[in-house]
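Peer 1: Okay, predicted coordinates and the sequence, questions at the end:
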Amino acid sequence: MLLHRPPVAVRSMRTAPLNPKVRGREIWGYALGEGGTSLTMNGIAAFAMLYYTQALGLPFAQAGFAFAVASIWDAIVDPAIGHWSDNTHSRWGRRQPYILLGGLAMAVTFYFLWAVPAAVITHGWLFPYVLTMNLLCRTAYAVFAVPYTALGYEICTDYHQRSQLQGARTALNMLVNLLGPALGWTLFFPDQAGGPEATSVAANFLHMGSAFAVATVGFTFVVVSSTRHHLTDTRGVVTGTGNTLGAFYSDFREIISDRYLRPIVGFMCIGGTGAVFVATLQMYLYVYFMHLTALQKTIIHGGGMVLCGSGALVGVALGRRFDKKNAVCIGAGIAATFDLVAAVVFLSGLLLPTTVWLVGGFTVPIAVIVFGGCDMLNWFGIGLFSSLAGSMLADVSEINELASGVRKDGGYAAIFSFSTKLILSISVFTASACLAWVGFVSGSDHQTPQAIRWLVLLTFGLGSLFAALVIPIALRYPVDQAFMAKVKADLARKNAPVSP
């Protein structure tokens, strides 16, 4: 039986040398897989809380609980999916079958998040429906995302090109976010003079969900097609440590105890917590604090996505110039600085949301410009440090290969995802609970000044604090380019054929 064979050295699974140069079109073809995850996950992050609380009237605590539980479940299933993917034996390889099935299921379940049957609402079943559909959608997302991430580690093993590939992923994610959720403010939530807030109309969300679901199906087929030449028939080949419970537990314990992994998980959990607070609460600031028009929402939200993607690409150059962990610190410093500037400017009264300047006979909405500029530059910093984390994780997986003799890309991708999602799910619940705590009223178009002031402080104050905490954690990461050059040289010697 396959499970009783000794593990095969990972070079038997490699389709490229230890230090290959990957063509640019291969990198961008793979990165297009981020389109589906961007539409679904960013769509949920941007609009789901507004939909269920403001359009359907679900209490904040129930909505936050449903999203948090689904996110925790997503985290829990990640390690199992990563292990199964590493140990899959099929003629289509060990990644693409999961990517295809997970992507299609993700599109279907995402659609039903917004297509809430009337009977669900009239019978008071909205909370269990939201919880169930979120659990199904998150499961499908995990089935797609973990093998997809692991496939990227296999495609590219060059130290700096890994940063390029992860940067391309983030840039594509943000580009699709710009053309989807960000542009969605104008496409699906137009201003209605004298009418209710566009985010209080349930039909607007259904139109958005339908369009994004169809596009997700398309992106799924694109990434499977673009990576088909990386398929490796794994039938009859031992690709990992085996599909037994004992093997799963052994791999899980080994990966979570990896001292090289801990700093990466640490700074991403901390930095991601700040990003979640900003992403979850900024939508309420758009509507209830700044009173932005649909066009202004699109520009600021979309601009944030553009700068986040730009940050990911700039991170590639900074990583080459200063090495990866120092580039992470630069990105975190940028995010912390501009969140702090926004908090000081608006909480001190230096600018009011309605403040304008008259310049040469023209009215300049200076408050909107400063608010949008700080928000966008915060996302530039977040994009910079978060994309580099994926590149650093691929390095750590390769370091483990030297010791274990088996490449566990799926396992490392899953444990990293598990750790960050577990922390971030708590952040989502906490952010939603904060809305109720500061006095926001579910389903109301009018909020108190005190509630709004607290919301500004929570969004930008906590965003700045958590971004700043990334820096001392990232500085503890011991791996650099020289370190990885030695690892690759040792792997080459270890995997070299023995002369007869």
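Peer 2: That came through, no problem. Numbers count the residues shown, from 1 in each chain.

Peer 1: For residue 363, what are phi and psi?
Peer 2: The phi/psi pair for residue 363 (degrees, to the nearest 10) reads phi -90, psi 120.

Peer 1: Give me the number of neighbouring residues for the closest residue to it other than its chain neighbours.
Peer 2: Closest residue in space to residue 363, ignoring its immediate chain neighbours: residue 356 at 5.1 Å, by C-beta to C-beta, 6 or more residues apart in numbering. Every C-beta, even on glycine, is put in place using the N, C-alpha and C of the backbone. The number of residues packed near residue 356 is 14, by other C-beta atoms under 10 Å.

Peer 1: these two touch, right, residue 356 and residue 366?
Peer 2: Yes - the criterion here is C-beta atoms under 8 Å, and residue 356 meets it with residue 366 at 6.2 Å.

Peer 1: Check the spacing between residue 327 and residue 340 real quick.
Peer 2: For residue 327, the distance to residue 340 equals 21 Å [C-beta to C-beta, to the nearest Å].

Peer 1: higher neighbour count, those two?
Peer 2: residue 327 (25 against 19).

Peer 1: For that one, which non-adjacent residue is closest in space?
Peer 2: residue 318 (3.8 Å).

Peer 1: host element of the one you found?
Peer 2: Secondary structure from DSSP states H and E places residue 318 in helix 294-322.

Peer 1: in that helix, what's buried?
Peer 2: 294, 296-316, 318-319 (16 or more other C-beta atoms under 10 Å).

Peer 1: Likewise for stretch 57-64?
Peer 2: Buried residues in stretch 57-64, counted by 16+ other C-beta under 10 Å: 58, 59, 60, 61, 62, 63, 64.

Peer 1: Run a quick neighbour tally on the nearest residue to the third one once chain neighbours are set aside.
Peer 2: It refers to residue 60. Nearest residue to residue 60 in three dimensions, chain neighbours excluded: residue 436, at 4.5 Å (C-beta to C-beta, 6+ apart). A count of nearby residues for residue 436, using other C-beta under 10 Å, gives 16.

Peer 1: tell me the SS of residue 441?
Peer 2: coil (DSSP: H, G, I helix; E, B strand; the rest coil).

Peer 1: residues touching it, list them.
Peer 2: residue 447 (C-beta atoms under 8 Å, 6 or more residues apart in numbering).

Peer 1: pLDDT wise, what is it at?
Peer 2: Per-residue pLDDT puts residue 441 at 77.

Peer 1: Flag the shaky bits of the stretch 51-200 of the chain, pLDDT-wise.
Peer 2: 192-196 (pLDDT under 70).

Peer 1: where exactly do the helices run in it?
Peer 2: Assigned by DSSP state H, counting those that start in this stretch, the stretch 51-200 of the chain shows helices spanning 60-86, 96-114, 118-122, 126-155, 159-177, 183-188.

Peer 1: For residue 482, find the nearest of those.
Peer 2: Residue 482 lies closest, by C-beta to C-beta, to one member of those: helix 159-177, at 9.9 Å.

Peer 1: what's that closest one packed up against?
Peer 2: Judged by 3 or more C-beta pairs under 8 Å, 6 or more residues apart in numbering; DSSP states H and E, helix 159-177 is in contact with helix 24-31, helix 34-37, helix 126-155, helix 294-322, helix 366-404, helix 481-495.

Peer 1: most packed of those helices?
Peer 2: Ranked by mean neighbour count under mean count of other C-beta atoms under 10 Å, the helices and strands packed on helix 159-177 are led by helix 34-37, which reaches a mean of 26.

Peer 1: Quick check: next helix or strand after that helix?
Peer 2: The C-terminal neighbour of helix 34-37 among helices and strands, as given by DSSP H and E, is helix 43.

Peer 1: ok, back up a step: out of the buried residues of stretch 57-64, flag the one nearest to residue 220.
Peer 2: residue 63 (27.8 Å).

Peer 1: Could you measure from the closest one over to residue 284?
Peer 2: Relative to residue 284, residue 63 is positioned 13 Å away (C-beta to C-beta).

Peer 1: Likewise for residue 91?
Peer 2: For residue 91 relative to residue 284 (C-beta to C-beta), the value is 50 Å.

Peer 1: Those two - which one has more neighbours?
Peer 2: When residue 91 and residue 284 are compared on other C-beta under 10 Å, the one with more neighbours turns out to be residue 284, at 22 against 10.

Peer 1: Excluding chain neighbours, what is closest to that one?
Peer 2: Residue nearest to residue 284 in three dimensions, not counting chain neighbours: residue 455, with 6.1 Å by C-beta to C-beta, 6+ apart.

Peer 1: ok, the one you found touching residue 283?
Peer 2: No - shown here, residue 455 and residue 283 do not form a contact pair, counting by C-beta under 8 Å, at 10.7 Å.

Peer 1: So which of the two has more stuff around it?
Peer 2: The neighbour count for residue 455 versus residue 283, taken as other C-beta under 10 Å, is higher for residue 455 (22 against 19).

Peer 1: Shouldn't the more buried one be within a helix?
Peer 2: Yes - counting by three-state DSSP, residue 455 falls inside a helix.

Peer 1: What is the burial count for residue 74?
Peer 2: Neighbour tally, residue 74, other C-beta under 10 Å: 26.

Peer 1: ditto for residue 358
Peer 2: 8.

Peer 1: Could you do residue 448 as well?
Peer 2: Counted with other C-beta under 10 Å, the neighbours of residue 448 add up to 13.

Peer 1: Check the one 4 residues further on too.
Peer 2: Summarising burial for residue 452: neighbours were counted as other C-beta under 10 Å, giving 18.

Peer 1: With the one 10 residues further on instead?
Peer 2: Around residue 462 sit 22 other residues, with neighbours defined as other C-beta under 10 Å.

Peer 1: That one falls within a helix, correct?
Peer 2: Yes - checked against three-state DSSP, residue 462 lies within a helix.

Peer 1: just checking, it touches residue 276?
Peer 2: No - here residue 462 does not reach residue 276: they are 9.6 Å apart, not a contact under C-beta under 8 Å.
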